[in-house]
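> Give me a model of this one.
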Amino acid sequence: MSTKLLETISTLSERAQELAQPDESRSPIWDIYNNQWHPASNPGGYVSIGVAENTLMRDELCDYINSTPKVTGEAFTYGDGPTGTKRLRKAVARFLNRKLDPVVPVDFEHVVVTNGVSTAIEHTSWTFCNPGDGFLLGQPYYGSFIADMNLRPNVEVIKVPFQDVDPMSLAGVANYEKAILSARERGVAVKALMLCSPHNPLGRCYSRETIIEYLQLCEKYQIHFVSDEIYALSVWKNQHDTNPPPVDFTSVLSIPLDGIINPSLVHVLYGMSKDFGANGLRLGYIISQHNPAFLKALIEICIYSYSSSVSEIIAADILENDEWVDRFIATNQARLSENHSFVVQFLKRHNIPYSHGSNAAFFLWADLGQAYSRRQIMKENANEDLTKRVMNLLLQNKVFLASGANFGAERPGVFRMVFSQPKPYLEEALKRVVEALGLDTAISDAVQKAEMLELGKSKL
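The predicted model follows:
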């Protein structure tokens, strides 16, 4: 720790001091952002396939935005208030009605605009929970959920483990109930459950039956059900896996709630970052159709999540163009499927295990630790923590993947591998992965051993 940092850290609040402390367990992502690889301008930088960004449709998006939306003087005012312009909210409602098949049509008054889904998540934590209350989150989980729910709202994120149970299955719902009861024994009131649907980092979808079970659980304990559906339209054809078979995406908006749950407990999150490859627009949407008190409370706190009027104009113009949107989404889905196939074939060639059954979002849950451990048996024993050891090797080789340790992984050595980059970039990243783990040498050794074995047979 630098002397200057030591001198100034005591001037901060206790909560800020905690964040200012060096922490090796934190993701190095901000350092990666500041030193990204480019074959010409920065060949010594990091190749990143650890950040959930989709660049496959960037040219189409740039062309559309540069040729279509027109900024007017209203963009430089406060617009229609902190919950978003009526134009964008109407465009979002219409878009969701077309794409998610809601039982109750979404009205613009059901939609609240924020400057990103991370803020939307924080708003649900702040409004549904008192400080110290619990918000349920199944493992593994999107790493930033923890800070979104906890850092400023001061809400306890209750992590739900699954051991050998498939976290996407009907059987997994019982683990959430155990967590609710265990929290009660500690005096923690559980107020909400977050379901990432489609799932990040597993890239899989919950079945309709499983979602209904979650809704019934939330009704039983009178807790809010929040469905983060930011990857709803990044669903594609899996060309390789049949066990388990991929499950079609179901939006909770498409499920009739009568006799299942009080509708005021059901809420959906969506945004522009993933399905439209537009993280930089910083636009998220909260959809709540049956809870006017929640929407009223959001008006007051959305002053801190006011979205850019320019971003709202761009997003509205996109969502109002049905023909362009439909073509964009279909092309994106086809490219995601193709890239998934490309990476799966690579992993199979290098005998790297990965979680099967994905058909959504743009990442694979890869077990680099297991692949590395097999190689280590031939070389040396590793006493160091497996996940940390693999991560250090990757960073030394200037390639970044998101560590499962930051995603609540229940086994060591797993990493989230993002495949929504152009193939030349993916090839460079994957080459660095196998080099970092010594798998390129391992393959050469295996080929040589097989050749020697065949030579021996020919001499018999």
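> can you give me the strands for the stretch 201-350 of the chain?
Assigned by DSSP state E, counting those that start in this stretch, the stretch 201-350 of the chain shows strands spanning 224-228, 266-271, 284-287.
> Please, where are all the helices along the stretch 51-200 of the chain?
Ranges of helices in the stretch 51-200 of the chain, per DSSP state H, counting those that start in this stretch, are 58-67, 86-99, 117-128, 145-150, 173-185.
> okay, these in TSV with distance to S309 next?
All C-beta spots, glycine's among them, are computed from the backbone N, C-alpha and C. Output for the helices of the stretch 51-200 of the chain, formatted as TSV (distance: least, Cβ to Cβ, whole Å):
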stretch	distance to S309
helix 58-67	15
helix 86-99	9
helix 117-128	16
helix 145-150	24
helix 173-185	40
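> Tell me which of those lies nearest to T210.
Evaluated over the helices of the stretch 51-200 of the chain, closeness to T210 peaks at helix 173-185, with 6.8 Å, by Cβ to Cβ.
> Quick one: list the elements packing against the closest one.
strand 134-138, strand 156-160, strand 190-196, helix 208-221 (3 or more Cβ pairs under 8 Å, 6 or more residues apart in numbering; DSSP states H and E).
> tilt between the second one and strand 134-138?
This points to strand 156-160. 30 degrees (axes from the mean of the first three to the mean of the last three Cα atoms, to 10 degrees).
> Then the third one?
Direction vectors for strand 190-196 and strand 134-138, defined by the same axes, to 10 degrees, enclose an angle of 30 degrees.
> Deepest-packed of the helices of the stretch 51-200 of the chain, please.
Counting by mean count of other Cβ atoms under 10 Å, helix 117-128 has the highest mean neighbour count of these, with a mean of 24.
> helices or strands up against that one?
Judged by 3+ Cβ pairs under 8 Å, 6+ apart, helix 117-128 is in contact with strand 111-114, helix 145-150, strand 190-196, strand 224-228, strand 266-271, strand 284-287, helix 292-301.
> swap the cut-off to 6 Å and go again
helix 145-150, strand 266-271, strand 284-287 (3 or more Cβ pairs under 6 Å, 6 or more residues apart in numbering; DSSP states H and E).
> Figure out which of those is closest to V111.
strand 284-287 (5.6 Å).
> Give me the mean pLDDT for that closest one.
For strand 284-287, mean pLDDT rounds to 98.
> From I230, how far out is the residue nearest the centre of the chain?
Central residue of the chain (Cα atoms, centre = their mean): N200, 4.1 Å from the mean position. According to Cβ to Cβ, to the nearest Å, N200 stands 8 Å off from I230.
> and if you look at N97?
18 Å.
> Distance of Y64 relative to G280?
Distance of Y64 to G280, computed by Cβ to Cβ: 15 Å.
> H38 too?
H38 sits 18 Å away from G280, going by Cβ to Cβ.
> picking that back up, so which of the helices and strands packed on helix 173-185 is the most packed in?
Of all those, strand 134-138 carries the top mean neighbour count, a mean of 25, counting by mean count of other Cβ under 10 Å.
> what about R374, how many neighbours?
14 (other Cβ atoms under 10 Å).
> Pop out the phi and psi values for it.
With angles defined as degrees, to the nearest 10, R374 sits at phi -60, psi -40.
> And it, what's its pLDDT?
The per-residue pLDDT reported for R374 equals 81.
> Can you tell me the closest non-neighbouring residue to L12?
Excluding the flanking residues, the one nearest L12 by Cβ to Cβ, 6 or more residues apart in numbering is A20, at 6.2 Å.
> That neighbour and E7 touch, don't they?
No. A20 lies out of contact with E7 (Cβ atoms under 6 Å); the separation is 11.7 Å.
> out of the two, which sits in the more crowded spot?
Neighbour comparison, A20 and E7: the larger count goes to A20, with 14 against 9 (by other Cβ under 10 Å).
> So what's the residue count around F162?
18.
> For the stretch 351-460 of the chain, give me the ranges with low pLDDT.
376-384, 441-460 (pLDDT under 70).
> where do the helices sit along it?
Counting by DSSP H, counting those that start in this stretch, the helices of the stretch 351-460 of the chain are 368-377, 386-396, 423-436, 439-458.
> The nearest residue to S307 once chain neighbours are set aside: what's it in contact with?
The spatial neighbour of S307 that comes closest, neighbours along the chain excluded (Cβ to Cβ, 6+ apart), is N115 at 4.5 Å. By Cβ atoms under 6 Å, 6 or more residues apart in numbering, the contact set of N115 is 282, 305, 307.
> Please convert those residues to a markdown table, extending it with neighbour count and distance to Q163.
Below are the contacts of N115 laid out as a markdown table (neighbours: other Cβ atoms under 10 Å; distance: Cβ to Cβ, whole Å):
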| residue | neighbour count | distance to Q163 |
| --- | --- | --- |
| R282 | 19 | 38 |
| S305 | 23 | 37 |
| S307 | 25 | 41 |
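> Of these, which is the nearest to D440?
Checking those against D440 by Cβ to Cβ gives R282 as the nearest, at 39.7 Å.
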